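A.B. asks: Compute the structure for the input listed below.
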Amino acid sequence: MPRTPHRKPPPAVAARSPAPRPGSLAARLRALAERLEGGGALSAEVTAALEAVLARCAAAGPPAAEPAAPAAEPIATPADPGAPIRVWTDGSCSPNPGPGGWGAILEVEGRREELSGAAPASTNNIMEMTGAIEALRRTAEGARVSVTTDSRYLKDGITQWIRNWKRNGWRKADGGPVLNQDLWRELDRLVSTRHVSWHWTASHAGHPENERCDELANRARRSLGRAD
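C.D. replies: Residues are numbered from 1 along each chain as shown. Modelled structure (predicted):
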């Protein structure tokens with residue numbers, strides 16, 4: 001049987017880091033290093049300054065790592081683990097799309113806590129979903145939570161449409177991708193680890209908690225300073 005000639009593997013090519021932007025500090029430092037490697041001379045003053053900087057860097061040691069952010073503790077934790085938690089949420093965007101805000105109220109064992117937040121570029125649907133997500137994040141896994149919203153998009157999406165979306169690989173009936181998919185996935189994750197019931201109420205119909213959530217959302221939106 002003829003012998004297969006032995007071939008040497010091609011030499012490995014070292015990966016080259018991208019060239020620094022011309023004129024940047026990195027570019028100037030690289031030029032200085034190339035000059036030194038080529039035997040170029042520096043003035044005594046420059047050499048002394050570089051040595052002083054290197055000495056200070058060595059004495060300081062590596063930069064301290066950023067402290068890890070503490071894990072968020074559920075703020076709506078009932079003394080009785082089986083006690084129900086009531087949640088009301090709302091979102092606001094003006095114009096839509098545009099600056100947006102969300103608001104939420106959590107009630108457990110007679111105690112209430114209010115949450116709100118804003119985004120400079122959003123949509124009304126995104127703010128509605130964000131309010132529910134942030135409220136559920138404040139509850140512990142396994143909690144019994146009742147969520148009331150004035151958004152049909154939110155309620156019908158999480159209780160009806162999402163089953164087909166997941167079955168179809170997060171695509172709608174027309175084959176297009178589900179909008180706000182990252183938010184739906186996060187909401188689905190939160191709901192899957194809690195006992196959540198969803199309720200709808202008409203907006204601006206005198207529902208006290210809904211009106212308060214609307215006020216919180218609009219206040220947060222206006223705090224951006226770019227909304228009317």
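
A.B. asks: Strands along this protein, start to end?
C.D. replies: Assigned by DSSP state E, the chain shows strands spanning 85-93, 98-108, 111-122, 144-149, 195-200.

A.B. asks: So which of those is the most surrounded?
C.D. replies: Of these, the one with the most neighbours on average (mean count of other C-beta atoms under 10 Å) is strand 85-93, at a mean of 27. Every residue, glycine included, has its C-beta placed from N, CA and C.

A.B. asks: Now mean pLDDT too, for the strands of the chain, in a markdown table please.
C.D. replies: Formatted as a markdown table, the strands of the chain follow (pLDDT from 0 to 100):
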| stretch | mean pLDDT |
| --- | --- |
| strand 85-93 | 97 |
| strand 98-108 | 97 |
| strand 111-122 | 96 |
| strand 144-149 | 98 |
| strand 195-200 | 98 |
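
A.B. asks: Tell me which of the ones you listed sits nearest to residue 169.
C.D. replies: When these are compared by C-beta to C-beta, strand 195-200 sits nearest residue 169, at 24.1 Å.

A.B. asks: now that closest one against strand 144-149, angle please.
C.D. replies: With axes from the mean of the first three to the mean of the last three C-alpha atoms, to 10 degrees applied, the angle from strand 195-200 to strand 144-149 works out at 20 degrees.

A.B. asks: Need the residues that contact strand 195-200.
C.D. replies: Outside strand 195-200, the residues that touch it by C-beta atoms under 8 Å, 6 or more residues apart in numbering are 136, 142-152, 155, 158-159, 190.

A.B. asks: switch the cut-off to 7 Å
C.D. replies: 144, 145, 146, 147, 148, 149, 150, 152, 155, 158, 159 (C-beta atoms under 7 Å, 6 or more residues apart in numbering).

A.B. asks: Run through the bridge partners of the closest residue to the last one other than its chain neighbours.
C.D. replies: Counting by C-beta to C-beta, 6 or more residues apart in numbering, the nearest residue to residue 159 once its immediate chain neighbours are dropped is residue 198, at 5.3 Å. Assessed by DSSP bridges, residue 198 has beta-bridge partners residue 147.

A.B. asks: so where's the chain shaky on pLDDT?
C.D. replies: Residue ranges of the chain with pLDDT under 70: 1-78, 226-228.

A.B. asks: which residues in it form helices?
C.D. replies: Ranges of helices in the chain, per DSSP state H, are 25-37, 44-60, 124-137, 152-156, 162-167, 181-192, 208-222.

A.B. asks: Could you list the buried residues of stretch 181-201?
C.D. replies: Residues of stretch 181-201 classed as buried: 183, 184, 186, 187, 190, 191, 194, 196, 198, 201 (neighbour count, 16 or more other C-beta atoms under 10 Å).

A.B. asks: Quick one: residues contacting the fourth one.
C.D. replies: The reference is to residue 187. If you count contacts by C-beta under 7 Å, 6+ apart, then residue 187 has 129, 132, 133, 158 around it.

A.B. asks: Alright, that wraps it up for me.
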